[in-house]
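Enquirer: the following block contains a protein sequence and its predicted model.
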Amino acid sequence: MKKVCTVLLSIAIAVSFSFSAGQVEAATPKAVTYKNCTELNKVYKGGVARTASVKNVGGKTNYQPFVSQALYDANKKSDRDKDLIACER
């Protein structure tokens, strides 16, 4: 009886891990590539920064950038001054 309970418990744990791993993958959004800065700024007014520690070298801005490495990497072409913030405003 003890062996049967151990086997059933092991199977239940394995099944719960497989379901939770599938939920993590589904919850991670894909990074969207925007056509230009106008389109990106409609969603992210301050642009997109690669990390929270980057500083703007392009001048004074009015908004804080949204921090997302995946989103920045998808829109890297829009970072004209190469300061790791795409489409800052």
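Expert: Great, that's in hand.

Enquirer: after the helix or strand bottoming out on mean pLDDT in the chain comes which helix or strand?
Expert: Within the chain, no helix or strand scores below helix 2-27, which has a mean of 62 by mean pLDDT, DSSP states H and E. Moving toward the C-terminus from helix 2-27, the next helix or strand (DSSP states H and E) is helix 37-43.

Enquirer: output the contacting helices and strands for that next one.
Expert: Applying 3 or more CB pairs under 8 Å, 6 or more residues apart in numbering; DSSP states H and E, we find helix 37-43 packed against no helix or strand. For every residue, glycine as well, the C-beta is placed using N, CA and C.

Enquirer: per-residue confidence at the residue lying closest to Lys55 once chain neighbours are set aside?
Expert: In space, not counting the residues next to it along the chain, Lys55 is nearest to Asp83; the distance is 7.2 Å by CB to CB, 6 or more residues apart in numbering. Here the pLDDT value assigned to Asp83 is 93.

Enquirer: contacts only, for Asp83.
Expert: Val54, Lys55, Asn56, Val57, Gly58 (CB atoms under 8 Å, 6 or more residues apart in numbering).

Enquirer: how many neighbours does the closest residue to the first one other than its chain neighbours have?
Expert: The spatial neighbour of Val54 that comes closest, neighbours along the chain excluded (CB to CB, 6+ apart), is Leu84 at 4.3 Å. Here the count is done by other CB atoms under 10 Å, and Leu84 has 20 residues near it.

Enquirer: residues contacting Val32?
Expert: Contacts of Val32 (CB under 8 Å, 6+ apart): Leu71, Ala74.
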